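Enquirer: fold the following, please.
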Amino acid sequence: MESSLGPLLPLFDRERAAGRALAVGLLVHTLGSTYRKPGALMLIAANGDYSGLLSGGCLEGDLRERSLSVIETGQPQLVMYDNRGADDLIWGLGLGCEGAMQILLFRVGPQTDWQPLAHLARALATYTPTAVGIVSESSNSRMPAGTLVLPEQASPELRTALDHASRSGRAESVTGEGWKLFALPLSLPPRLLLLGAGPDAAPVVDLAVRQSWKVTVVDHRPAYAQADHFPAADRVILSRPDELLAAIDASHFSAAVVMSHHLPSDLEYLRSLSSTSIPYVGLLGPAQRRERLLSDLGAPAESLRPRLHAPVGLPLGGRTPESIALAIVAEIHAFVHLGDTATAPRIA
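Expert: Below is the predicted model:
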């Protein structure tokens, strides 16, 4: 899932508020080793400001120059960068990436009611899966390159393709009579539930939000459950551990981490989580503490064990709160993007 929109929104909102069109760079095809994969996006403003990367910074300068024409004329450009040769000294850069990238540049602005970015931004705000279509190549005058297809406007055939991309979260191409359409799904960010709002939760929130994740923090202590302690969090909730499921909708979360440092509270959090379908549950603390909690939990522990990562986090080393936060976020990142095989529950 490459089409992460969250990091691009500040630039989009700025230019939209000013009524200025901008260019979208959409990676539609790759061969070999490339920095990003199909579906990756970047935005480029008329003054040269840009957000997002399609390469490691090697191609963005050229894309920025090309985008000026796209913004001025509204004519999309399909650009190919091929670095697979033995000496790929493109513009004297010597990229050495050993891959090829095909990037579609097209204009978004008041002329098109800011689509498809406006549609994607609304879906992101409501956490609604969706996909849009952009014609990337065409010899058909009725479907020229750059044509946008929103779900509500799509023909039955294209609506099926957009629905499939939305459900799978994978970009795909659809071909028609003289045209090729790129179905771009919105990548919804993981939702992380932190149960415990102590000082060591702050770096976890910070690192997760840097990934554009949505983070909810819960604590039963009024002095800890303070929104100003976690300004980047989506929500900060004051709730007793035994009332957790009344305070949140557990079906929304990709992962939960229990880190209250309070044994009775952690027990109640685990009891609540045992009845949810949250696929990743992390527990802070050593193995002895984990086994004591699972023993006290009783029968509900059986539904929790297959999902429990305890001690939580990858074994990266380091003992500072920041190091532990990095280990936690890294393990959840691997789990969300690669699945169980990347980070199996470590219960011995």
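
Enquirer: retrieve the pLDDT associated with residue 30.
Expert: For residue 30, the pLDDT comes out at 88.

Enquirer: grab the nearest non-local neighbour of it.
Expert: Among residues not flanking residue 30 along the chain, residue 101 sits closest, at 5.4 Å (CB to CB, 6 or more residues apart in numbering). Bear in mind the C-beta positions are built from the backbone N, C-alpha and C, glycine included.

Enquirer: now do residue 146
Expert: Distances taken as CB to CB, 6+ apart place residue 76 nearest to residue 146, at 3.6 Å, with adjacent residues excluded.

Enquirer: next, count neighbours for that neighbour.
Expert: For residue 76, the neighbour count with other CB atoms under 10 Å is 22.

Enquirer: next: residue 112.
Expert: There are 16 residues near residue 112, going by other CB under 10 Å.

Enquirer: one more: residue 327?
Expert: When neighbours are defined as other CB under 10 Å, residue 327 has 19 of them.

Enquirer: kindly export the helix or strand hosting it (C-alpha atoms) in CSV.
Expert: Using DSSP states H and E, residue 327 falls within helix 321-338. The C-alpha trace of helix 321-338 is given here as CSV (Å, rounded to 0.1, in the frame of the first residue of the first chain):
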residue,chain,number,x,y,z
PRO,A,321,12.3,5.4,26.6
GLU,A,322,13.1,6.5,23.0
SER,A,323,14.9,3.2,22.3
ILE,A,324,12.0,1.2,23.7
ALA,A,325,9.5,3.2,21.7
LEU,A,326,11.5,2.6,18.5
ALA,A,327,11.5,-1.2,19.2
ILE,A,328,7.7,-1.1,19.8
VAL,A,329,6.9,0.9,16.7
ALA,A,330,9.3,-1.1,14.5
GLU,A,331,7.6,-4.4,15.6
ILE,A,332,4.1,-3.1,14.9
HIS,A,333,5.3,-1.6,11.6
ALA,A,334,6.6,-5.0,10.5
PHE,A,335,3.5,-6.8,11.7
VAL,A,336,1.1,-4.4,9.9
HIS,A,337,3.0,-4.4,6.6
LEU,A,338,4.5,-7.9,6.5
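
Enquirer: buried residues in it?
Expert: Neighbour-count burial for helix 321-338, counted by 16 or more other CB atoms under 10 Å, picks out 324, 325, 326, 327, 328, 329, 331, 332, 333, 335, 336.

Enquirer: the closest residue to the fourth one other than its chain neighbours and residue 234: what is the separation?
Expert: So that's residue 327. Nearest residue to residue 327, sequence neighbours excluded (CB to CB, 6+ apart): residue 313, at 3.2 Å. Look at residue 313 and residue 234: by CB to CB, to the nearest Å, they are 22 Å apart.

Enquirer: which residues touch the helix holding residue 327?
Expert: Outside of helix 321-338, the residues within contact range by CB atoms under 8 Å, 6 or more residues apart in numbering are 1, 190, 192, 199-200, 202-204, 206-208, 211, 254-255, 257, 279-280, 282, 284, 309, 312-318, 342-343.

Enquirer: mind listing which of those residues are in helices?
Expert: 202, 203, 204, 206, 207, 208 (DSSP state H).

Enquirer: what are the boundaries of the strands in the stretch 201-348 of the chain?
Expert: 214-219, 235-238, 255-258, 280-283, 308-309 (DSSP state E, counting those that start in this stretch).

Enquirer: between the ones in helices among the contacts of helix 321-338, which is closest to residue 18?
Expert: residue 206 (29.9 Å; CB to CB).

Enquirer: hang on, the closest one packs against residue 232?
Expert: Yes. Counting by CB atoms under 8 Å, residue 206 does reach residue 232; the two are 6.4 Å apart.

Enquirer: between the two, point out the one with more neighbours.
Expert: For residue 206 versus residue 232, the count of surrounding residues by other CB under 10 Å is larger for residue 206: 17 against 12.

Enquirer: what's the more buried one in contact with, if anything?
Expert: So residue 206 contacts 232, 325 (CB under 8 Å, 6+ apart).

Enquirer: and the residue nearest to residue 146, what are its phi and psi?
Expert: With angles defined as degrees, to the nearest 10, residue 76 sits at phi -70, psi 160.

Enquirer: what residues are up against it?
Expert: Applying CB under 8 Å, 6+ apart, the residues near residue 76 are 70, 104, 105, 106, 107, 145, 146.

Enquirer: so what's the residue count around the third one?
Expert: Yep, that's residue 105 we're talking about. 22.

Enquirer: and it, that one's in a strand?
Expert: Yes. Under DSSP: H, G, I helix; E, B strand; the rest coil, residue 105 falls within a strand.

Enquirer: and it, how far from residue 329?
Expert: Separation of residue 105 from residue 329 (CB to CB) stands at 33 Å.
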